[in-house]
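# With the input below, show me the fold.
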Amino acid sequence: MAGRDYRGMSAAERLADRRERLITAAYTLFAQPGFHATTIEKLCATARISNRAFYECFSSREDLMRAVYERCIEETLASVTEAIDKAPPTLDDRIVAGIAEYVHFVTKDVRRARIMHLEVRRAGNVLSGARQQAVASFTKVIESSAQGATRMPPLDLHLLALGLIGALTELLIEWVVTEPSPPTEQLIEACVYIFRRTFASGDPMAATAQ
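Below is the predicted model of the structure:
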């Protein structure tokens, strides 16, 4: 049975609108002052909805945080994948393009950087599954980019990809928590250096691209 229209919006449209307003509010508030400092009351006041309406959209603050985090991941993955697809077809060029795009895209909005690399950890174990899924997604991007390389690295590609993701994550955490933040180009250079030292012995293209 269709819901009654209200001010031109159906019940489903009103619910979607409230959900989107909460995600928008959380994107700002979870970044600053932070997840633990942001109450449901504050989220509802910023989104201009009632506390009761919050629970029609999300089961908890953690549920809302998961939605915000997963959207950040989806947008970042799309941007990074597009950059890799447009890069020349060598392992070095593809991975360097992906690293540069990741850093530029994430740091373009400090809220995105804080949510993806700081506040999601502060949210606790309830979001550990979402974090692991995000790491797996970016790891697959690296592994896929390595397909067709002249020679594969001498060690397990999956573990090397995980290591590269870990290095990039720590560099972004440093960018978020340090004042003043290190220049983004230095983050890119550091991660590219790690990547080339890791993969150079397996792909001569990487060794000659320094």
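
# Now do the buried residues in stretch 38-52.
38, 43-44, 46-47, 49 (16 or more other CB atoms under 10 Å). C-beta: built from backbone N, CA, C; applies to glycine.

# Equivalent analysis for stretch 188-201, please.
Those would be 188, 190-192, 194-196, 198-200, for stretch 188-201 by 16+ other CB under 10 Å.

# among those, which are in helices?
Using DSSP state H, the members of these that fall in helices are 188, 190-192, 194-196, 198-199.

# Among the buried residues of stretch 188-201, which one sits closest to L64?
C191 (30.8 Å; CB to CB).

# who does the helix or strand encompassing R14 touch, helix- and strand-wise?
Secondary structure assigned from DSSP states H and E places R14 in helix 11-29. In this structure, helix 11-29 packs against helix 40-47, helix 51-57, helix 61-86, with contacts taken as 3 or more CB pairs under 8 Å, 6 or more residues apart in numbering; DSSP states H and E.

# got the domain boundaries for the protein?
9-58, 61-208 (automatic domain parsing).

# TSV for the ones you listed, including mean pLDDT?
TSV is the format used below for the domains of the chain (pLDDT from 0 to 100):
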stretch	mean pLDDT
domain 9-58	95
domain 61-208	88
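
# and H158, what is it in contact with?
139, 143 (CB atoms under 8 Å, 6 or more residues apart in numbering).

# in the host helix or strand of it, what counts as buried?
Following DSSP H and E, one finds H158 within helix 157-177. Under the neighbour-count criterion of 16+ other CB under 10 Å, helix 157-177 has 157, 160-165, 167-169, 171-173, 175-176 buried.

# Show residues contacting stretch 108-127.
27-28, 30-32, 34-36, 62, 65-66, 68-69, 72-73, 75-76, 105-107, 130-131, 169, 172-173, 175-177.
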